[in-house]
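S.K.: Quick one: sequence plus predicted model below, questions after.
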There are 2 protein chains.
Amino acid sequence: MSDKDPEKQAGQSQRRSGCPISFSLDIFGDRWTLLILRDLLLHGKRQFRELAGSEEGIATNILSDRLKRLEVSGVLVRERDPNDRRQVIYTTTEKGLGLIPVLLELAAWGAIHDPQTDAPEDFVATYAKDRETVIARTRKKHQR
Amino acid sequence: MSDKDPEKQAGQSQRRSGCPISFSLDIFGDRWTLLILRDLLLHGKRQFRELAGSEEGIATNILSDRLKRLEVSGVLVRERDPNDRRQVIYTTTEKGLGLIPVLLELAAWGAIHDPQTDAPEDFVATYAKDRETVIARTRKKHQR
DNA sequence: CTGGATCCCAATAGATACTG
DNA sequence: CAGTATCTATTGGGATCCAG
């Protein structure tokens, strides 16, 4: 967090290897980033306040930090609402939309192995079937 | 790490919400766990030494900690090699095998968006096509 | 108001050295 | 070989402050 090192401020947290999985994890391999992307991509949230209000209770400094990193990584863009200049709006890019399959696989695995999920098969069947629908819906919602 | 608290030794790091994505991330939402699973599931590694030798250079205490957590979560089992009692062998369970699609989506996204990956489309095409092959191969290798 | 930035301090992750 | 111990660095929570 509170970072004095200009190297890091610039964004590049330097990668650990040439592996594409490692590349992905260097961007969203932590406990919060994918939850933020879930809210943006699957729950249609777009504002800081909405994201901060999620069930898991992310701290505002962490949310702020992750949004910045995602912007630097090109997964989302930050801009003002043209209708209400006070509002900041976060919009996922194509690069961000590409993460929907990752989120759905994560959700599918969780639903199957989480004893708290009621009907895991239904969940998986629904989201597997509607994958393209989810992507289309999010793309529409996140138009600029 | 070095943990005196019996609550935590028991394993349950307590979940943050009822969301299946959050459930998944509570298990492997960190910078290392999915790299270990990559090595087990996609690279056929089975021993501590092999896992410790990966390109990313994981510290042995972290590796040890993550393997313990994954065992508690039921993603893998730890046992001695019957042929060589000195060897410890890590074997993925069905629950663990279920993570292969997650890893492949992660790899696909990384390959497409990583400027260092040469032929991202080929990568995706190959792994998308061979998904079942990968699962079958890993299941065979991780038989007990 | 919303969207953060900052500070403090606790908790966790991690690198390195060392051991049964 | 397969870890543990120790010590340091980083992250995270919570409150508070502040600019537009």
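M.R.: Looks like it arrived, so ask away.

S.K.: and stretch A:80-87 with DNA strand C, contact?
M.R.: Yes. Using Cβ under 7 Å from any atom of the strand, we find that stretch A:80-87 touches DNA strand C at A:86-87. (C-beta placed from N, C-alpha, C; glycine too.)

S.K.: which stretches of chain A form strands?
M.R.: Along chain A, counting by DSSP state E, strands occupy A:76-80, A:88-92.

S.K.: quick one, which of those strands is nearest to residue A:131?
M.R.: Nearest of the strands of chain A to residue A:131, taken as Cβ to Cβ: strand A:88-92 at 16.0 Å.

S.K.: tell me the mean pLDDT over that closest one?
M.R.: On average, the pLDDT along strand A:88-92 is 96.

S.K.: again, but for stretch A:28-35
M.R.: Mean pLDDT, computed over stretch A:28-35, is 96.

S.K.: Just checking the distance from that stretch to the centre of its chain.
M.R.: 8 Å (Cα atoms, centre = their mean, to the nearest Å).

S.K.: Is there any residue in that stretch that contacts DNA strand C?
M.R.: No. Using Cβ under 7 Å from any atom of the strand, stretch A:28-35 stays clear of DNA strand C, coming no nearer than 7.7 Å.

S.K.: What lies in contact with that stretch?
M.R.: Residues outside stretch A:28-35 that contact it (Cβ atoms under 8 Å, 6 or more residues apart in numbering or on different chains): A:27, A:37, A:54, A:56, A:58, A:62-63, A:66, A:69-70, A:75, A:99, A:102-103, A:106, B:19, B:21-22, B:25-26, B:29-31, B:34.

S.K.: Just the terminal-to-terminal distance for it.
M.R.: Start and end residues of stretch A:28-35 are separated by 10 Å (Cα to Cα, to the nearest Å).

S.K.: Check stretch A:15-30 too.
M.R.: From its first residue to its last, stretch A:15-30 covers 15 Å (Cα to Cα).

S.K.: for stretch A:111-124, same thing?
M.R.: By Cα to Cα, the extent of stretch A:111-124 from end to end equals 7 Å.

S.K.: residues making contact with it?
M.R.: For stretch A:111-124, contacts defined as Cβ under 8 Å, 6+ apart pick out A:107-108, A:110, B:18, B:20, B:23, B:95, B:98.

S.K.: Pull the number of nearby residues for residue A:51.
M.R.: 20 (other Cβ atoms under 10 Å in any protein chain shown).

S.K.: Just want the most central residue of chain A.
M.R.: residue A:37 (1.4 Å; Cα atoms, centre = their mean).

S.K.: how much space between the closest residue to residue A:60 other than its chain neighbours and chain B?
M.R.: Of all residues not flanking residue A:60 in the chain, residue A:52 sits nearest, at 5.8 Å (Cβ to Cβ, 6 or more residues apart in numbering or on different chains). Distance, residue A:52 to chain B, by Cβ to the nearest Cβ, to the nearest Å: 14 Å.

S.K.: my guess is residue A:52 meets residue A:61, correct?
M.R.: No. Using Cβ atoms under 8 Å, residue A:52 makes no contact with residue A:61, being 10.6 Å away.

S.K.: quick one: which of the two has more around it?
M.R.: Set residue A:52 next to residue A:61 and count neighbours by other Cβ under 10 Å: residue A:52 wins out with 17 against 10.

S.K.: The contacts of stretch A:111-124: which ones sit near DNA strand D?
M.R.: Counting by Cβ under 7 Å from any atom of the strand, no member of the contacts of stretch A:111-124 reaches DNA strand D.

S.K.: Dump these into TSV; add neighbour count, distance to residue A:84 and pLDDT as well.
M.R.: Compiled in TSV, the contacts of stretch A:111-124 are given as follows (neighbours: other Cβ atoms under 10 Å in any protein chain shown; distance: Cβ to Cβ, whole Å; pLDDT from 0 to 100):
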residue	neighbour count	distance to residue A:84	pLDDT
A:107	23	32	95
A:108	23	37	95
A:110	23	36	95
B:18	11	33	85
B:20	23	34	94
B:23	23	36	95
B:95	16	47	97
B:98	18	44	96
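
S.K.: any low-confidence regions in chain A?
M.R.: A:1-14 (pLDDT under 70).

S.K.: residues from it in reach of DNA strand C?
M.R.: Residues of chain A lying close to DNA strand C (Cβ under 7 Å from any atom of the strand) are A:1-2, A:47-49, A:60-61, A:64-65, A:67-68, A:78, A:86-88.
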